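Participant: could you work out the structure for the sequence below:
(one chain, ligands or ions: 1)
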Amino acid sequence: MWTGTPLFPEAASTMAPRVDALYFFLLGIAGFFSLLIAGLIVYYAVRFHRRTPDQVGAQIHGGMVLEIGWTVIPFLITMVIFVWGASVYYAMARPPDETLNIYVVGKQWMWKFQHLDGQREINELHVPVGRPVKLIMTSEDVIHDVFVPAFRVKADVIPGRYTNLWFQPTKPGRYHLFCAEYCGTRHSGMTGEVIVMEPSEFQTWLSGGVPEGSLASAGAKLFQDLACNTCHRPDAQGRGPVLEGLFGKTVQLQNGETMTVDEAYVRESILNPAAKVAQGFQPIMPTFQGLVSEEQLLELIEYVKSLKALPQVQTR
Ligand code: CUA
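Facilitator: Numbering: from 1, shown residues only. Modelled structure (predicted):
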């Protein structure tokens, strides 16, 4: 209905109609009350204007019905907006369990995308239609912000952290991707395209020309090259924790706190190992700050994720 109107971008994700509906509701309410108030001002100005130079208006005291009316009605309207807005926000903030995960690294001034199978893209992101996609995002330098108007989704990309953004495209096509946080001289040029393809086309695209291998396998190689494997051994004889089956688990720390092993924890443990040492281990691991890039961190994280628990090894 609105696709011909340049004010509204195309609606191409499951979230788009929900955001639009709420937006039109807000517009409708604002429009209704603007017209009502403007109309009443004009009407009263005509109806009650002074007819003779010495006319004095009658004083009115109290008006309980009116007072209650203009308190209760706006309260109910704002509550509808709150509950509705919260439900849309909740749906946006919580990705479904089964998602296609893609890593995003923002830097001045480009977007780098990494698929788990190893494909890398710059300023272009290929995704299949009809499947929930989750972007796991970080920045190499300053704060950026991914914004795909056609999907009605937007999220900050922050150095030193992983933020998520998810969407489910509903129709194939090419959609603009913007940086929506001022990030320096060429911020306005930090744009790209999301290319939504039919699932079969996407599979073809995915299998076409990948020399490097999967992210996890690149991570495995890095794990060897950095000699991580001398301390993190699957047989529990190393000086560091066993990483097999660790991702997603809850671990006990030296200070008694517990911690869920997620992307952020693995990242921190590589860059600042002393920050949260697992119980039963010494803080002897050196930092890898400056030695691994953001992309290499993602490879290592994918490698740790790929390490499934070994049934024959006893964990303590
Ligand atoms: Cu990146 Cu603005």
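Participant: C-alpha from now on. contacts and neighbour counts both.
Facilitator: Fine.
Participant: surely residue 178 is within a strand?
Facilitator: Yes. Counting by DSSP: H, G, I helix; E, B strand; the rest coil, one finds residue 178 located in a strand.
Participant: isn't it up against residue 190?
Facilitator: Yes. In terms of Cα atoms under 8 Å, residue 178 counts as a neighbour of residue 190; the distance is 6.5 Å.
Participant: who's the closest residue to the ligand within the stretch 1-150 of the chain bridged to?
Facilitator: Closest residue of the stretch 1-150 of the chain to the ligand, Cα to the nearest ligand atom: residue 144 (4.1 Å). On the basis of DSSP bridges, residue 144 is bridged to residue 157.
Participant: residues from the stretch 151-300 of the chain in reach of the ligand?
Facilitator: Selection of the stretch 151-300 of the chain residues close to the ligand by Cα under 6 Å from any ligand atom yields 179, 180, 181, 182, 183, 187, 190.
Participant: the residue of the stretch 1-150 of the chain closest to the ligand: neighbour count?
Facilitator: Using other Cα atoms under 10 Å, the number of residues around residue 144 comes to 30.
Participant: ok, residue 55 next?
Facilitator: Neighbours of residue 55 (other Cα under 10 Å): 9.
Participant: distance-wise, check it relative to residue 11.
Facilitator: Between residue 55 and residue 11 the distance is 58 Å, computed by Cα to Cα, to the nearest Å.
Participant: again with residue 155
Facilitator: Distance from residue 155 to residue 11, by Cα to Cα: 18 Å.
Participant: now do residue 42
Facilitator: 39 Å.
Participant: so for those two, which sits in the more crowded spot?
Facilitator: Remark: of residue 42 and residue 11, residue 11 carries more neighbours, 20 against 10, as counted by other Cα under 10 Å.
Participant: could I get the pLDDT score of the residue nearest to that one when sequence neighbours are not counted?
Facilitator: Spatial nearest neighbour of residue 11, chain neighbours left out: residue 150 (5.0 Å); criterion: Cα to Cα, 6 or more residues apart in numbering. With respect to pLDDT, residue 150 scores 93.
Participant: ok, now the one 5 residues further on?
Facilitator: Note for residue 155: predicted pLDDT of 94.
Participant: contacts for whichever strand or helix holds it, please.
Facilitator: Per DSSP states H and E: residue 155 is located in strand 153-157. Strand 153-157 is contacted from outside by 15, 92, 106, 137-139, 143-148, 163-167, 181, using Cα atoms under 8 Å, 6 or more residues apart in numbering.
Participant: wait, what's in contact with residue 85?
Facilitator: residue 22.
Participant: pLDDT at it, what is it?
Facilitator: So, for residue 85, pLDDT stands at 96.
Participant: ok, it to residue 62 distance?
Facilitator: Counting by Cα to Cα - residue 85 and residue 62 are separated by 35 Å.
Participant: any regions of the stretch 151-300 of the chain where pLDDT drops low?
Facilitator: For the stretch 151-300 of the chain, residues meeting the criterion pLDDT under 70 lie at 209-212.
Participant: quick one: residue 292 is in a helix?
Facilitator: No. Counting by three-state DSSP, residue 292 is not part of a helix but coil.
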